[in-house]
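J.: Coordinates only, no sequence provided:
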């Protein structure tokens, strides 16, 4: 009987503990988390035209001191490739010459090649759109004004690359030909709800396609002096959204 009583008492004791445990009072309290973003005016480094999440240091083929810095402000042109068509033999036939691929250093200081490109960043925090155009400031000419008459530059294989999750600019020129008289040509434009972050317009999507994506056609009838010819380009970024 004693043994049975002990078992009964132990069972009763454990049952009481369980009842007390299940009846424990639970209290809750809510706290807050918050963050506020503001437009950034920090300069944006150029990124790899083939791996846009990786920063690079571009090499300017026309300036040993390096490229000019990008524009300031939360909506900026961070970089645009200068174009070198190399050293070519004088020809009496119409010839097409291609711009060399863009060379750049990665974080490990290795020299790589990729497509020529222009880079735009929109850090306004509004996703309100923008438009990028380009113009050629006159025909190729020598330092004494001898003009490469009839020469024409055409950009092929245009495509937009980005690491941003905002929608890509939906209006862009896959092919564009520049007018030496200075008329602006559309490069790319972001509509409202597009284009927040950093975007590159690449000409070519690989090293191989890059080498055949920007062409300079020179008529055979054009007089060519044994001299260097050059021109300049102006990239124009506005906060007007694309259509």
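T.: The structure has been received and is ready for your questions. Quick caveat, the model's predicted, so the values are computed rather than measured.
J.: contacts, neighbours, all on C-alpha from now
T.: Fine.
J.: give me the element the residue nearest the centre of the chain is part of.
T.: For the chain, the residue nearest the mean C-alpha position is residue 200 (2.6 Å; CA atoms, centre = their mean). Using DSSP states H and E, residue 200 maps to strand 197-203.
J.: which other helices and strands contact that strand?
T.: Packing partners of strand 197-203 (3 or more CA pairs under 8 Å, 6 or more residues apart in numbering; DSSP states H and E): strand 116-122, strand 158-162.
J.: Deepest in the core, which of those strands is it.
T.: strand 116-122 (a mean of 25; mean count of other CA atoms under 10 Å).
J.: re earlier: any residues touching the strand holding residue 200, and which ones?
T.: 49, 115-123, 155-164, 166, 168, 187-188, 210, 213-214 (CA atoms under 8 Å, 6 or more residues apart in numbering).
J.: For that strand, the averaged confidence score.
T.: For strand 197-203, mean pLDDT is 98.
J.: What of stretch 94-113?
T.: 96.
J.: mind listing what's buried in it?
T.: By neighbour count on 16 or more other CA atoms under 10 Å, the buried set for stretch 94-113 is 97-106, 112-113.
J.: do the same with stretch 57-75
T.: 57-61, 67, 70-71, 73-75.
J.: Point out where this protein drops to low pLDDT.
T.: 1-22 (pLDDT under 70).
J.: sorry, back to before: out of the buried residues of stretch 57-75, who's nearest residue 223?
T.: residue 61 (25.3 Å; CA to CA).
J.: got a list of what the closest one touches?
T.: 82-84.
J.: wait, what's in contact with residue 152?
T.: Here residue 152 is in contact with 177-180, 215-218 (CA under 8 Å, 6+ apart).
J.: Give me the subset of the residues you listed that lies in strands.
T.: In strands, defined here by DSSP state E, the members of those are 177, 215-218.
J.: which of these tops the neighbour count?
T.: Counting neighbours by other CA atoms under 10 Å, residue 218 leads the ones in strands among the contacts of residue 152 with 22 neighbours.
J.: Nothing else from me, thank you.
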